Every structure is written in C-alpha cells, then in structure tokens.
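In: here you go, sequence then predicted model.
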Amino acid sequence: MATNFRYTLMKAIKPYVKSIPHLSKPVLRVLIQVSVHYIESKKCSPEVLDLALTKLSHSGCEISENFYELFAAVLQIMQIFLRTPKGSVKDEELRECLKELKFTDECIDDISKVLHNHRDSLTKNFYEVKSVRSPPRRLQWRINISLMDSGISNLSQPTIILHFQASNGEYKTFEFPIAMFHRLRYNVALLLKEMQTIEGRQLMKKNS
C-alpha cells in the first residue's frame, strides 16, 4: 500500500470519522459534485455549498448536522488522492482506506469510481487552479455571542465571524460554529507540522 498516502489520509480525516458512518449515498454524491466544482473553479463561491444544502432539503434527504464537516472530509480525500503520483494508489488500496474511515460500501464505490475514472481531468484542473489561488490580504475574526429573547440566562450558541479581504480587493464574511473553528485550527496545525517535516527531510538530504 502507498504508506504515505494512507498515513496522510487517516491523519487528515480523523476529526470527521464520527460523522462519516451517517453519510448517505445521495448526500455524498452532492458533496462530490461540490468538491469537483471547488477543484475545477478558479473562484469557488460559498453560496454553492448553501445551494447544494437547499437542494438536498427540498428533495427530502436526511441531512447530517455535520454537513459542512462532511464536505471538508470529502474534499480533503479528493485533494490528498490527486497529490499522489498517478498509479501509486491502487483502487483496492483506496477502498481499504475508505473502509477503515467507516464509509459505507456504496459510498466507497462512488468515491473510488470518481477518483480513478476522472483522475486525469481532475488532476489537470487541480494543479491549474492551485497555481492561481493566492492568500487573502487581510484577515480578522471575532467571537459572536447573541442573547435570545428570553434574556441573558438563555444564550444562543456562540459562533466565529471570519472577515477577510481577497487578493482582488473583494471582502467576504463567513460565520461558523465554534466546533468547526477548532477543527480548522487542528487542520492548520497539522498542515504546519507536515510542512516542517518535509522541510526537515529536505535539509537532511542537502547535508548528507
């Protein structure tokens, strides 16, 4: 098995494992569509995910309260797979990893088919778009605590307000639960740790 792929995948998706068994096939297919849109688009509007959620609601599908986290999990699985050299992760190996992450058999089948059957086009778009994305110019965040009508004894769940200016000068604002913010912090910390590991290996190669 592609050991590095398995290690990276398991570590990245670990925060979402509790929600994965509840993921249904119809919801997964919508999440795959949105993930592909994100990978292939130079500009991915946050409204796309909201529209997908509305579509599922109108179709009568049962939607997990962790819908946005499941989207993050599916997107990361696709991105991690696309970063690996073509052919290094076999279909059987990918399925084994997904099974270990508690995906149902029908969900495993859908994810595997998309990644292997559309690998070339997804990889091309993934690297083209990645090269044009740039970091925000400014970034601010704050905690939002609102009072319910019944008074101070009944507080609504606090949320994080994230406000940033994109490279094109456009301002965007997002609001998400504290739990999602902690997962974001976890993933950023994980990414920084992986970058330090890679830099350390490169330094060792130069000194050897």
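Out: Good, I have the coordinates.

In: quick one, helices of the protein?
Out: For the chain, helices defined by DSSP state H occupy the ranges 3-13, 25-40, 47-58, 67-83, 91-100, 105-117, 119-132, 178-207.

In: can you put these in CSV and add mean neighbour count?
Out: The way it works is simple: take the backbone N, C-alpha and C, and place the C-beta from them, glycine included. Output for those, formatted as CSV (neighbours: other CB atoms under 10 Å):
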stretch, mean neighbour count
helix 3-13, 16
helix 25-40, 19
helix 47-58, 14
helix 67-83, 20
helix 91-100, 16
helix 105-117, 16
helix 119-132, 14
helix 178-207, 11
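
In: minimum distance to Gln157: which of those has it?
Out: helix 178-207 (7.5 Å; CB to CB).

In: and the closest one, what's its mean pLDDT?
Out: Averaged across helix 178-207, the pLDDT comes to 69.

In: same thing with stretch 95-108?
Out: pLDDT averaged over stretch 95-108 gives 95.

In: pull the CA atoms of that stretch into PDB?
Out: Only the C-alpha atoms of stretch 95-108 are listed here, as PDB (Å, rounded to 0.1, in the frame of the first residue of the first chain):
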ATOM      1  CA  ARG A  95     -11.200   1.300  -0.900                       C
ATOM      2  CA  GLU A  96      -9.400  -0.300   2.000                       C
ATOM      3  CA  CYS A  97      -8.600   3.200   3.400                       C
ATOM      4  CA  LEU A  98     -12.100   4.400   3.000                       C
ATOM      5  CA  LYS A  99     -13.500   1.300   4.700                       C
ATOM      6  CA  GLU A 100     -11.200   2.000   7.600                       C
ATOM      7  CA  LEU A 101     -12.600   5.500   7.800                       C
ATOM      8  CA  LYS A 102     -16.100   4.000   8.200                       C
ATOM      9  CA  PHE A 103     -17.600   4.800   4.800                       C
ATOM     10  CA  THR A 104     -20.400   2.500   3.700                       C
ATOM     11  CA  ASP A 105     -19.700   0.200   0.800                       C
ATOM     12  CA  GLU A 106     -21.900   2.200  -1.600                       C
ATOM     13  CA  CYS A 107     -20.100   5.500  -0.700                       C
ATOM     14  CA  ILE A 108     -16.800   3.800  -1.100                       C
END
